[in-house]
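Engineer: Prediction below, plus the sequence it came from.
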Amino acid sequence: MDIATLIGIVLAFGLMIWAIIMGGPLSIFIDAPSIAIVIGGTAGVSLINYPLADVIGTIAIVKKTVLIKEPDTNKLIVQLLEFANKARKGGILSLQDQMDSIDDQFMVKALQMAVDGQEPAELKAMLLTEIDNIAARHGKGAQILDTMGAISPAMGMVGTLIGLVQMLQNMSDPASIGPAMAVALLTTFYGAVLANILFIPMAGKLKTRSKTEILQKTVITEGMESILSGENPRIMEQRLHAYLAPKKRESVFK
Amino acid sequence: MDIATLIGIVLAFGLMIWAIIMGGPLSIFIDAPSIAIVIGGTAGVSLINYPLADVIGTIAIVKKTVLIKEPDTNKLIVQLLEFANKARKGGILSLQDQMDSIDDQFMVKALQMAVDGQEPAELKAMLLTEIDNIAARHGKGAQILDTMGAISPAMGMVGTLIGLVQMLQNMSDPASIGPAMAVALLTTFYGAVLANILFIPMAGKLKTRSKTEILQKTVITEGMESILSGENPRIMEQRLHAYLAPKKRESVFK
Amino acid sequence: MDIATLIGIVLAFGLMIWAIIMGGPLSIFIDAPSIAIVIGGTAGVSLINYPLADVIGTIAIVKKTVLIKEPDTNKLIVQLLEFANKARKGGILSLQDQMDSIDDQFMVKALQMAVDGQEPAELKAMLLTEIDNIAARHGKGAQILDTMGAISPAMGMVGTLIGLVQMLQNMSDPASIGPAMAVALLTTFYGAVLANILFIPMAGKLKTRSKTEILQKTVITEGMESILSGENPRIMEQRLHAYLAPKKRESVFK
Amino acid sequence: MDIATLIGIVLAFGLMIWAIIMGGPLSIFIDAPSIAIVIGGTAGVSLINYPLADVIGTIAIVKKTVLIKEPDTNKLIVQLLEFANKARKGGILSLQDQMDSIDDQFMVKALQMAVDGQEPAELKAMLLTEIDNIAARHGKGAQILDTMGAISPAMGMVGTLIGLVQMLQNMSDPASIGPAMAVALLTTFYGAVLANILFIPMAGKLKTRSKTEILQKTVITEGMESILSGENPRIMEQRLHAYLAPKKRESVFK
Amino acid sequence: MDIATLIGIVLAFGLMIWAIIMGGPLSIFIDAPSIAIVIGGTAGVSLINYPLADVIGTIAIVKKTVLIKEPDTNKLIVQLLEFANKARKGGILSLQDQMDSIDDQFMVKALQMAVDGQEPAELKAMLLTEIDNIAARHGKGAQILDTMGAISPAMGMVGTLIGLVQMLQNMSDPASIGPAMAVALLTTFYGAVLANILFIPMAGKLKTRSKTEILQKTVITEGMESILSGENPRIMEQRLHAYLAPKKRESVFK
């Protein structure tokens, strides 16, 4: 579970609601047609912009990305060095046994290719194609959220324009002008909150998570190429440590 | 038929019109000169910006892209594997018969080149040039819609400025100020609606569709290169599956 | 003559002026100091931003690009295939005669190099350098117009700020506030019109035209390389057709 | 200590506070709920957007980057030339002694690899991977600050919308309208100040510093490759001087 | 001396001041605290964003770039062809004499390397690294001016918010509201003028100048490589002419 997302949502929404209550009742910030225009409009425009399956898929991607705990790159390097040792002692085929106990489908595919006897260069090329396509799929999820973050303020502006036109056409009662304009501003408010506190930062976390995952898959690719080439484990560790910040590196050779 | 686009348009426009009716008559949102400035102006500026043929071509691209059902990448991979089997048994020339039953012009050209005896590397290079040019043509359609999505709010602002200047020059009757400003805001409203509910999301869908088509043409290119090189069908399947999300992959080898 | 540009300008300006006249006299939209600030300011800032020769050169580029009729890529491919046939029959040197009847300087240079006995790879490298530099020169014209499209609304805003400050310092006569603010808004109006109806779409057309020209010069480069390599004309046609949309391709081999 | 940052903060904030005091008491610019919305909201949204560790890490990166004095590239080149001389006289292994007196971990790793007997090309490839990953980590810090610079004005706008809605719903007392609107504007003010005087320029300095560090690590990589290849020190100096502005170059050969 | 910059500044500022005087006294556009916030704030934030030496260096770069007359690319090509002839007759070493009469440090370094006996490929690689670093240094100057062009309107907005808050808190005297708001708008005015008439177009001219300089240094690099390779001067001229617009090319072979 990604605790930061939870803390962030509670903090941002909590402070906003606290500040609202400090100044008056929360009820003046709730208006059904305004909610319909902004949320319904954002949903509608998202469906014009993306295929149905992609919009639905985004929810799954967000859930998965936010809930899953990030694996540790250091442990991954240690695991690859163990594979390297095993392969040096028992040959590449001895890695076959490892495959059942591994969850990561990418690692399983890489091991399967190695066991199938692929050349190091070909294995690397195919895994890099795979990484490119994973990055493209991740990118699509973040892009849909970013698009929603652009649509919701636009729908908010559309709603405010509707409210302003109606208010301006109907200014006979001066006392009603203020509240009418307040309601007109609500859609802009909804759009700004949805975009800036939900959609855009969620897209941001998706991108951050994707970068980490891509980096780890690159480490796996480099490591498997190194194992297949029969490279010295010390050199292999040096090569893989380049992907880690210096102070996070823990050498197994001591 | 792309059902999401239809649902999206109905949802976004429906909710907007419902919200308008909740607050007053729909008629105050209709004004002929305002429509002329925004729609006519957007059309005019599009013609300054792009050649006539490209602007007209965009309508055809939109219609085709929105109406055509996306083919399934998995089926495409299965079809390429069948070609591979056929070519392994009967030689490359046996693929000649397949060409009549295929709709996709790109696949036909790829098969024709293979049957004509091109080298794998040359075939790949020529198909990649073809893909680059397809991407450029698709990109032009999306770019024209994006440009329209930038012009229409600009024309909306121009219209509102015209209305404001006229209202400000003529403030002797206070009762007319509100309605005059309401009318002035209508062009901004039209511009925002056209850009955010039609042009920009339509450009978005065009881009998404184009990406899928490019990916499938890349799969065809990789597959044909693999067939011409006489690669093992299992390896070929692994190579092509890299373009699919892991859970969508269906192996024919079981 | 590019008819779309003309239609577009007439349409956009015509509708705008019609909409203005519908609401009041055209004369309230004309103000000498406002015109001086926006047009003079845009000219001045363009000269700070670009060398004098480049700013003047832009006018020539616009005139040439808008007036010249686009050549047909299909005809170009047919012409290159004729050169290929001639070269296959009479040797490369037989292309010498063609050079006098060709207008396009790029084609002449390519033929000259071929006749001078350059290697295919070197000829291609030199023509690609030439294309890069043509693209850079075209890009400069479009960039200057885009810059003008950014300056004119900025000068419009500066003018409006000047008008507002003067109006706010002088509010003793309430009846003058409206007209003073109307005049203040005129610079914003001029800036928006110049940027959105002239500068930015003209830059857009320049970019579109440049892309077509670059594509045709790439076709010439590919074609000349193919001729020098003595490639089969059918293959050469296939290679060059990749730069055309499938439905525009007209084969000479039938 | 980076004196420019300190001077800049004192200058920008000092002038702003002086200008405020010139026009009235400072106290009207302080409002607790407004501060809570902007600062708390920015913190909250940052946590939705980035993992907790990255947000905390940014503070450390800022502190380190701002406090550490930039090393001199010229001295670095002189040091590398000394290594080259030492290696020419005593062999690569003689560089072992140097490693203890060097602080820079990157230089230590490069020397270690050289002493371990790596080939020049492989050493270069591994150091370039290391540099790519350093640039990615630096980039993350600058990106987080830039994101904060985008969130804080957005939270400011949200706060102002809340204040405006509350003011507009409650306009019975005309005397309270002005002060209520003043308070509503405070969040926009806080957001603009935080973004433009703190977050965005701090991100800017981080990027500038990172560029210098990357350039110096590139100089080390080029230098070590040159040493391993046994290149002539004069040529090596020429090669490394390319990374320095001409007037900063100080040759050791005179 | 770059006459366009001077004409531009006189034109833009002159017309603006003329338009101001047409509408009232110039004195209402001058306010000390407003100037302090915008100019001082921009200076302060620039120092937070960039090292002190870079900010000061920008002034020198601007002065140099604006004052120096652009050399002529055609003359440069003629000069390189003379070097080629000299080298063909007297050997590469005969270029030694030329070095004293040349101002351009880049040309001197290129000749020095040629005389030192570098291989064509290595000479090209080292000069291209040098060009990359020159471009990076030029880019920094333009970037600092662009940053100032982003800071000054932001400081303008901060100043206007300060003025608005103070005005809104103090609305007891209706007659003072207008002038107070006029003063509040002055910072926005200063920010817009500084950014749009000074900083951004100056950054633009720096970029244009840098492009020309980079292009000329690329011509030198290509030319020196050609000389070292002993290429035919006619071919060398053709190669270098690719960097010139066709109508500017003047062949020495006629």
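Structural biologist: That came through fine.
Engineer: residues in contact with A:Lys207?
Structural biologist: Shown in contact with A:Lys207 (Cβ atoms under 8 Å, 6 or more residues apart in numbering or on different chains): A:His138, A:Ala142. (Glycine included, C-beta is placed from N, CA and C.)
Engineer: Quick check: the gap between it and chain C.
Structural biologist: In this view, A:Lys207 and chain C are 29 Å apart by Cβ to the nearest Cβ, to the nearest Å.
Engineer: Quick check, pLDDT for that residue.
Structural biologist: On the pLDDT scale, A:Lys207 is placed at 90.
Engineer: Okay, and it sits in which element?
Structural biologist: For A:Lys207, the element it lies in under DSSP states H and E is helix A:200-228.
Engineer: Buried residues, that helix. List them.
Structural biologist: The neighbour-count check on helix A:200-228 (16 or more other Cβ atoms under 10 Å in any protein chain shown) flags A:200-210, A:213, A:215-228 as buried.
Engineer: Would you mind measuring from the residue in the stretch 151-254 of chain A positioned nearest to chain E to A:Gly141?
Structural biologist: At 16.1 Å from chain E, A:Gly178 is the closest residue in the stretch 151-254 of chain A, using Cβ to the nearest Cβ. Distance, A:Gly178 to A:Gly141, using Cβ to Cβ, to the nearest Å: 42 Å.
Engineer: Next secondary structure element downstream of the one helix or strand in chain A whose mean pLDDT sits lowest?
Structural biologist: When each helix and strand of chain A is scored by mean pLDDT, DSSP states H and E, helix A:52-67 comes last, with a mean of 80. Downstream of helix A:52-67, the first helix or strand assigned by DSSP H and E is helix A:73-90.
Engineer: Would you mind listing the buried residues in that next one?
Structural biologist: Result for helix A:73-90 [16+ other Cβ under 10 Å]: buried residues A:Thr73, A:Leu76, A:Ile77, A:Gln79, A:Leu80, A:Leu81, A:Phe83, A:Ala84, A:Lys86, A:Ala87.
Engineer: if we can go back for a sec, neighbour count winner among A:Gly178 and A:Gly141?
Structural biologist: The neighbour comparison of A:Gly178 against A:Gly141 (other Cβ atoms under 10 Å in any protein chain shown) goes to A:Gly141, with 24 against 18.
Engineer: In this structure that one contacts A:Lys63, no?
Structural biologist: No: taking contacts as Cβ atoms under 8 Å, A:Gly141 lies outside contact range of A:Lys63: 10.8 Å.
Engineer: Pop out the phi and psi values for the residue of chain A most remote from its centre.
Structural biologist: Distance from the centre of chain A peaks at A:Ser172, with 50.8 Å (Cα atoms, centre = their mean). Torsion angles at A:Ser172 (phi, psi; degrees, to the nearest 10) stand at phi -70, psi -30.
Engineer: Now look at the least confident helix or strand of chain A and say if it contacts chain B.
Structural biologist: Yes: on the criterion Cβ under 8 Å from any Cβ of the partner chain, helix A:52-67 is in touch with chain B at A:Leu52, A:Asp54, A:Val55.
Engineer: quick one: which of those is nearest chain B?
Structural biologist: Nearest member of those to chain B, counting by Cβ to the nearest Cβ, is A:Leu52, at 4.0 Å.
Engineer: Skipping adjacent residues, who's closest to the closest one in space?
Structural biologist: Counting by Cβ to Cβ, 6 or more residues apart in numbering or on different chains, A:Leu52 lies nearest to B:Ala4, which is 4.0 Å off, once chain neighbours are set aside.
Engineer: Correct me if wrong: the one you found contacts A:Ile56.
Structural biologist: No: when contacts are counted by Cβ under 8 Å, B:Ala4 is not listed as touching A:Ile56 (9.8 Å).
Engineer: Compare these two and say which one has the larger neighbour count.
Structural biologist: A count of neighbours by other Cβ under 10 Å puts B:Ala4 above the other of B:Ala4 and A:Ile56, at 22 against 11.
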